[in-house]
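# Need coordinates for the following:
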Amino acid sequence: MIDEELNDLTGGSAEDGMFADLGHFTTGAIPVDAVVKRGAAIRNRRRLVGGGVLAAAAALTIGVPVAIAGGSGPGAEAASGHTVVVDRPAEDAAQKITFSGSVDGRKWSRTLTSHCGTGPEATGAECMIREIGADSSPIGVMTRDERHHQEGDFYFAEFGPDVDYVVMTLATGDRVTVPALVADDGYRGAYFELPRNSTVGQLVAYDKESREIAHTAAGTVALSPGVHLTNTPKWYRPDGSMLDTSVPTVDVAAGTSGKQAWTITVTLNPYGRCFAERIGITEVDLCNSPRLQVNKNNPGGGGPQDAFVSGEVDLKTTRVDVALSDGTVQHLTPVRSHGYAFVGTYVPEGLTVASITPVTGTNS
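Numbers count the residues shown, from 1 in each chain. Next comes the predicted model:
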């Protein structure tokens with residue numbers, strides 16, 4: 001995150017008067033790595049978690065790969081030309097992960113920090129990119145690491161909670177076995193290198209007993225730097241039946257401001273809860289923290305200075321009082337679903353948030 005953006009998100013500029021008075025709750029300075037600004041009704045399902053890495057990644061566009069017909073386990077040999085090895089990584093007590101492998105005999109190794117919070121630049125840490133997929137697919141997201149693109153085509157991937165490794169078959173016929181990292185908080189992901197400009201034609205996910213979980217259907221997986229995951233492939237069980245990859249979506253709040261409708265929803269993904277805040281054709285997605293906070297609708301600065309208040313509250317909370325600068329107070333009733341409680345509202349341009357006060361049954 002650049003300094004200008006940081007100042008803009010934390011009250012460092014005059015246009016942020018909306019958030020200057022928030023003295024007794026946490027203002028949600030939207031981390032660039034956790035936010036994707038939406039426009040023109042484009043539905044990019046990018047979910048970035050971790051610090052300062054939005055500009056460092058370009059996602060793969062996943063189409064619909066050819067189904068695996070068998071023989072794709074850990075011992076599969078390369079069919080033509082390339083030999084790609086990806087070693088199984090491990091996380092140490094300091095949350096450092098060493099990823100390594102080789103492409104055609106050229107070895108590589110990289111140590112990344114498992115999760116960096118929101119300020120890796122301050123510590124000098126190089127973070128593992130964590131993306132939260134749009135659903136519960138065995139491979140939720142794949143993202144090219146632009147930080148090291150000059151050295152090779154390196155990728156991050158999010159694996160499902162039961163996935164131990166994935167076999168990728170390239171368009172050349174070469175097979176690559178990519179093992180999962182299991183982080184200290186249960187997150188499963190991977191980091192690996194592929195030959196330059198590779199196209200992945202097949203995907204098969206396996207569990208730790210080397211049993212197939214699911215495979216993708218006929219088609220291709222296009223490596224398109226700069227394009228987000230727009231076409232999530234369908235996954236099929238070994239018996240050919242379709243794998244249900246849907247996740248629950250909770251409607252938190254909705255209304256209108258002027259002539260524009262606004263909504264707040266939250267999806268309960270395998271590795272996190274992601275808020276989607278929409279007004280008109282603009283959408284901001286937040287997956288970094290479910291805490292109750294104020295989120296600027298325009299985190300890049302300029303334009304309307306409206307905002308949303310949203311987040312997760314304690315299950316004992318009976319309501320949340322949001323006091324605005326015009327003296328009004330909005331009383332928000334939590335929406336409870338799947339063992340969580342959520343609230344949300346929209347703050348139009350011209351108003352500031354004076355306070356946010358959760359209320360329980362004992363202090364109401």
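# mind listing the helices for this structure?
Counting by DSSP state H, the segments of the chain that form helices are 3-9, 120-123.
# By mean pLDDT, show me the worst of these.
Ranked by mean pLDDT, the helices of the chain end with helix 3-9 at the bottom, a mean of 39.
# Now do the contacts for the closest residue to Val313 other than its chain neighbours.
Distance criterion CB to CB, 6 or more residues apart in numbering; nearest residue to Val313, sequence neighbours excluded, is Ala341 at 5.1 Å. No exception for glycine: its C-beta is placed from N, CA and C like everyone else's. Neighbour list for Ala341: 312-315, 317, 334-335 [criterion: CB atoms under 8 Å, 6 or more residues apart in numbering].
# Buried subset of the residues you listed, written for PyMOL?
Of the contacts of Ala341, the buried ones can be selected in PyMOL as follows, counting by 16 or more other CB atoms under 10 Å:
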select buried, resi 312+313+317+334+335
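# ok, the nearest residue to Gln95 once chain neighbours are set aside - how many residues close by?
In this structure, Gln95 finds its nearest non-sequential neighbour in Ser114, 4.2 Å apart by CB to CB, 6+ apart. Ser114 has 21 neighbours, counted by other CB atoms under 10 Å.
# In this structure Ser114 contacts Met128, no?
Yes - between Ser114 and Met128 there is a contact under CB atoms under 8 Å: 5.7 Å.
# what residues are shared contacts of those two?
Both Ser114 and Met128 are contacted by Ile97, under the criterion CB under 8 Å, 6+ apart.
# okay, how far is it across stretch 174-194, tip to tip?
End-to-end distance of stretch 174-194 (CA to CA, to the nearest Å): 10 Å.
# Same question for stretch 254-270.
25 Å.
# which outside residues touch that stretch?
For stretch 254-270, using CB under 8 Å, 6+ apart, the contacting residues are 47, 132-136, 140, 160-161, 247-253, 273-280, 287, 290, 306, 308, 310, 337-338, 340, 342, 344-346, 348.
# and if we set it to 6 Å?
Contact partners of stretch 254-270, identified using CB atoms under 6 Å, 6 or more residues apart in numbering, comprise 132, 136, 161, 247-253, 273-280, 310, 338, 342, 344, 346, 348.
# dump the residue contacts of Cys274.
By CB under 6 Å, 6+ apart, the residues touching Cys274 are 47, 132, 267, 285, 287.
# beta partners of it?
Here Cys274 sits in beta bridges with Thr267, going by DSSP bridges.
# will you turn the contacts of Cys274 into JSON lines that also has distance to Glu91 and neighbour count?
Output for these, formatted as JSON lines (distance: CB to CB, whole Å; neighbours: other CB atoms under 10 Å):
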{"residue": "Arg47", "distance to Glu91": "21", "neighbour count": "27"}
{"residue": "Ile132", "distance to Glu91": "19", "neighbour count": "24"}
{"residue": "Thr267", "distance to Glu91": "27", "neighbour count": "21"}
{"residue": "Asp285", "distance to Glu91": "27", "neighbour count": "23"}
{"residue": "Cys287", "distance to Glu91": "21", "neighbour count": "26"}
